[in-house]
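Peer 1: What would the 3D arrangement of this be:
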Amino acid sequence: MSDSRRASGTVADVIVARLAAHTDHLFGVGGANIEDVYDAVARADGLTGIVAKHEFGAATMADGYARATNRLGVVAATSGGGAMNLLAALTESYDSRVPVLALVGQPPIGQQGRGAFQDTGGGPGLLDAERIFGAVTRLCVKVTRPQDIHAALDRAIAAALAGGPVALLLPKDIQAAPVLQRPAGTGSATAVPVAGAEYDSAGTDHREPAATRPSAGPGTAQVNAAVALLAAAAGPAVVIAGPEIARADARAELAALAAALDAVVLLTPDAKDAFPNEHPRFAGLTGVMGHPHAPELVAGAGLVVLAGAALPMTARAGLDDALAACPAVLHVGVDAPFVTNALRLPGPPRAHLLELAARASRPGFVAAPLYSGSLPELAVPPAPGSGVRYREAVAAIAARLEPGSDIVADAGNTGAAVVHHLPVPDGGRFLIALGMGGMGYSFGAGIGSALGRRRRTVVIAGDGSYFMHGHELHTAVEYRVPVTFIVFNNNAHAMCATREQLYYSGDYTFNRFRPAEIGAGVAAMFPDLPARTAHTLADFEDALDKAAAETGPVFIELRCDAAEVPPFAPFLKEPTP
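Peer 2: Below is the predicted model of the structure:
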């Protein structure tokens with residue numbers, strides 16, 4: 001690159017400089033049509049470039065970084081297959097409203113639509129990157145002129161921070177083009193209408209009629225109606241907090257409202273870190289992986305406040321009848337709830353919760369019972385085979401977690417056990433991908449969380465998830481990221497195997513596999529990585545104790561039983577496919 005071009009700055013330089021105000025890491029996989037961005041990162045200050053093993057892993061790193069830090073996650077990928085590999089991870093960010101900006105390289109403008117290598121320029125016989133990414137993002141912007149980059153970044157960053165992923169399509173020649181100054185106008189980057197999108201860069205919710213959409217926030221009448229509902233409600237109060245609390249960092253405001261209402265607090269499975277798990281008001285989790293007394297608590301309530309909890313089915317299971325019968329249900333948050341009888345106070349929950357806490361007055365209120373000690377748990381049948389049981393393994397992990405430790409759990413039987421049994425340490429974060437429920441999310445997300453929070457993160461996953469995306473372990477080794485990877489190995493896709501046994505004949509299985517020596521294999525691949533296999537609880541406790549002395553990544557394989565039924569409510573009832 002010439003000195004004159006460096007002095008003037010390129011579009012890639014502008015992108016990197018702007019992003020440094022919102023993040024300190026860029027995750028991605030290199031390639032010809034994104035290398036100008038990495039070149040700009042190499043000569044810039046304040047932004048560290050990370051190269052992952054797979055674009056899905058890179059995007060989950062950006063997602064985990066964003067969830068753990070409440071900052072913008074950034075992922076970069078080249079055109080063609082690299083770009084397509086982002087899609088599964090972006091759907092998780094979309095459904096969970098995680099602010100991720102995807103920088104997607106494209107062939108040069110003049111070659112698009114003319115058979116360029118990895119051409120997704122649209123037209124007859126060609127894939128159309130704008131339409132593809134428009135379907136899985138809140139906003140998709142293709143930059144076709146260098147002078148448009150400033151306006152495109154304005155829109156892209158604003159839309160991502162409003163809640164969800166955004167794609168910026170960047171032809172290679174545009175990335176390398178010089179940009180001398182920010183233009184005075186707004187530019188003319190084209191934005192692709194996003195089918196089914198809910199929020200644009202102004203934060204407008206398009207799922208609701210215009211008359212009910214919040215602009216700057218709900219009006220005084222709506223707030224007064226919410227306060228009146230709180231004051232008039234009789235009987236115990238229950239607050240159900242969801243993932244919007246963590247996204248808005250509204251934990252203190254949630255606690256203030258719970259105290260003002262003298263309420264117990266239930267959490268949805270993807271919001272375990274929204275309220276201290278050791279607090280006497282903490283009453284457990286809702287949903288399919290939750291605690292069995294939650295429906296009874298809600299049924300006995302005179303008031304239920306849904307704080308940042310939209311309550312999709314995984315979080316709402318068992319509560320429909322109780323919520324429908326409750327005389328007073330208030331929803332506070334951006335996402336419209338899947339509960340029809342709730343009075344809505346729409347908009348970001350932080351300020352609303354604080355105002356409600358300050359104005360809440362409930363004369364004659366009968367205080368809800370406060371919880372202390374252990375919570376009732378789902379009863380599971382005894383496991384027939386060998387291996388360490390989920391409950392005792394999770395207890396061993398919990399006993400060794402330091403305050404502030406962060407936890408990332410993956411999908412499946414392992415994830416159900418972690419959600420149900422593992423308390424989140426004070427000051428720690430808990431991440432799980434329940435939007436799409438994709439396997440393998442935790443490996444990249446744990447790396448992003450650890451880099452963003454600069455503290456040890458514990459990743460807990462099954463062997464099926466490891467075989468999907470676990471070799472992002474190499475990225476953790478390469479960058480000495482402080483992650484403890486714990487893989488529960490039962491040589492199966494165990495949740496699928498459990499379904500075969502419960503819902504079908506049980507005389508076949510597609511989901512049990514030949515034994516794999518994962519710990520030994522990892523140790524052989526990465527000689528400098530502390531890697532151990534635990535066959536017994538004592539082995540596991542010893543491996544965890546040794547891991548505590550390490551400063552970089554650690555890998556532990558734990559042998560489990562594929563026949564063990566997890567604490568997952570649908571598996572513990574009369575089976576229906």
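Peer 1: Tell me which helix or strand residue 240 sits in.
Peer 2: Using DSSP states H and E, residue 240 falls within strand 237-241.
Peer 1: got the contact list for that strand?
Peer 2: Residues outside strand 237-241 that contact it (CB atoms under 8 Å, 6 or more residues apart in numbering) are 254, 257-258, 261-268, 271, 274-275, 283, 286, 297-298, 301-309, 311, 362, 365, 368. Bear in mind the C-beta positions are built from the backbone N, C-alpha and C, glycine included.
Peer 1: Residue 81 contacts residue 127, correct?
Peer 2: No. Contact between residue 81 and residue 127 fails when scored by CB atoms under 8 Å: they sit 11.0 Å apart.
Peer 1: These two: who's more crowded?
Peer 2: Remark: of residue 81 and residue 127, residue 127 carries more neighbours, 15 against 11, as counted by other CB atoms under 10 Å.
Peer 1: And residue 24, how far from residue 265?
Peer 2: 33 Å (CB to CB, to the nearest Å).
Peer 1: would residue 520 count as being in a strand?
Peer 2: No. Read with DSSP: H, G, I helix; E, B strand; the rest coil, residue 520 is helix and lies in no strand.
Peer 1: how many other residues sit next to it?
Peer 2: For residue 520, using other CB under 10 Å, the count is 13.
Peer 1: residues contacting it?
Peer 2: Residue 520 sits next to 531, 533 when contact means CB under 8 Å, 6+ apart.
Peer 1: and it, how far is that from residue 533?
Peer 2: Distance from residue 520 to residue 533, by CB to CB: 7 Å.
Peer 1: And residue 40, by the same measure?
Peer 2: 43 Å.
Peer 1: what's the helix ranked longest in the chain packed up against?
Peer 2: The longest helix of the chain (DSSP state H) is helix 55-69. Counting contacts by 3 or more CB pairs under 8 Å, 6 or more residues apart in numbering; DSSP states H and E, helix 55-69 is packed against strand 25-28, strand 48-51, strand 73-77, helix 87-95, strand 100-106, strand 430-432, helix 441-453, helix 463-469.
Peer 1: Return the list of strands paired to the first one, each annotated with direction.
Peer 2: Strand pairing for strand 25-28, determined by DSSP bridges: strand 48-51 (parallel), strand 73-77 (parallel).
Peer 1: Run through the stretch 51-200 of the chain and note the low-pLDDT ranges.
Peer 2: 180-200 (pLDDT under 70).
Peer 1: Equivalent analysis for the stretch 251-400 of the chain, please.
Peer 2: Ranges of the stretch 251-400 of the chain meeting pLDDT under 70: 363-368, 372-373.
Peer 1: could you redo the last one with a cut-off of 90?
Peer 2: Scanning the stretch 251-400 of the chain for pLDDT under 90 picks out 360-374.
Peer 1: the strands in it, which residues?
Peer 2: 264-267, 282-285, 303-307, 329-333, 343-346 (DSSP state E, counting those that start in this stretch).
Peer 1: roughly how far apart are the nearest residue to residue 139 once chain neighbours are set aside and residue 384?
Peer 2: Once flanking residues are discounted, residue 139 sits nearest to residue 159: 4.0 Å by CB to CB, 6 or more residues apart in numbering. Distance, residue 159 to residue 384, by CB to CB: 52 Å.
Peer 1: repeat for residue 349
Peer 2: Relative to residue 384, and taking CB to CB, residue 349 is found at 46 Å.
Peer 1: and the residue nearest to residue 508 when sequence neighbours are not counted, what element?
Peer 2: Leaving aside its chain neighbours, residue 508 sits nearest to residue 500 (7.0 Å; criterion: CB to CB, 6+ apart). For residue 500, the host element (DSSP H and E) is helix 494-503.
Peer 1: if we look at that helix, which residues are touching it?
Peer 2: With CB under 8 Å, 6+ apart as the criterion, helix 494-503 contacts 411-414, 416, 462, 464, 506, 508-512, 560, 562-566, 568, 571, 575-577.
Peer 1: ok, now with 7 Å
Peer 2: Contact with helix 494-503 is made by 412, 413, 462, 506, 509, 511, 512, 562, 565, 571, 575, 577, as judged by CB atoms under 7 Å, 6 or more residues apart in numbering.
Peer 1: More neighbours: residue 40 and residue 533, which one.
Peer 2: Applying other CB under 10 Å to residue 40 and residue 533 shows that residue 40 carries more neighbours, namely 26 against 21.
Peer 1: neighbours around the closest residue to the more buried one other than its chain neighbours, how many?
Peer 2: Leaving aside its chain neighbours, residue 40 sits nearest to residue 12 (3.9 Å; criterion: CB to CB, 6+ apart). Residues contacting residue 12 under the criterion other CB under 10 Å number 27.
Peer 1: Kindly confirm my reading that residue 12 is in a helix.
Peer 2: Yes. Residue state for residue 12 (three-state DSSP) corresponds to a helix.
Peer 1: does it really touch residue 42, like I thought?
Peer 2: No. Contact criterion CB atoms under 7 Å: residue 12 and residue 42 do not qualify, at 10.5 Å.
Peer 1: about what we covered before: quick check: the residue nearest to residue 40 vs residue 50, distance?
Peer 2: The gap separating residue 12 from residue 50 is 17 Å, by CB to CB.
Peer 1: Nearest the middle, which residue of the protein would you pick?
Peer 2: Residue closest to the mean C-alpha point of the chain, counted by CA atoms, centre = their mean, is residue 433 at 4.9 Å.
Peer 1: Mind pulling up the pLDDT for that residue?
Peer 2: We have a pLDDT of 93 for residue 433.
Peer 1: related to what we said a few turns ago, higher neighbour count, residue 349 and residue 384?
Peer 2: Each of residue 349 and residue 384 has its neighbours counted (other CB under 10 Å); residue 349 has more, 28 against 8.
Peer 1: and that one, what does it touch?
Peer 2: Residue 349 touches 244, 245, 248, 250, 307, 308, 332, 333, counting by CB under 7 Å, 6+ apart.
Peer 1: Same list (those residues) but as JSON lines, adding neighbour count.
Peer 2: What follows is the contacts of residue 349, written out as JSON lines (neighbours: other CB atoms under 10 Å):
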{"residue": "244", "neighbour count": "25"}
{"residue": "245", "neighbour count": "26"}
{"residue": "248", "neighbour count": "22"}
{"residue": "250", "neighbour count": "26"}
{"residue": "307", "neighbour count": "28"}
{"residue": "308", "neighbour count": "28"}
{"residue": "332", "neighbour count": "33"}
{"residue": "333", "neighbour count": "27"}
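Peer 1: Turn the residues you listed into a markdown table, including distance to residue 442.
Peer 2: What follows is the contacts of residue 349, written out as a markdown table (distance: CB to CB, whole Å):
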| residue | distance to residue 442 |
| --- | --- |
| 244 | 22 |
| 245 | 21 |
| 248 | 23 |
| 250 | 25 |
| 307 | 26 |
| 308 | 23 |
| 332 | 30 |
| 333 | 26 |
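Peer 1: ok, so of those, who is nearest residue 177?
Peer 2: residue 248 (38.1 Å; CB to CB).
Peer 1: between the contacts of residue 349, which is nearest residue 401?
Peer 2: The closest of those, once distances to residue 401 are taken by CB to CB, is residue 245, at 21.1 Å.
Peer 1: And the spatially closest residue to the closest one that is not a sequence neighbour, how close does it get to residue 233?
Peer 2: Nearest residue to residue 245 in three dimensions, chain neighbours excluded: residue 274, at 4.0 Å (CB to CB, 6+ apart). From residue 274 across to residue 233, the span is 22 Å (CB to CB).
Peer 1: Kindly report the same for residue 26.
Peer 2: 48 Å.
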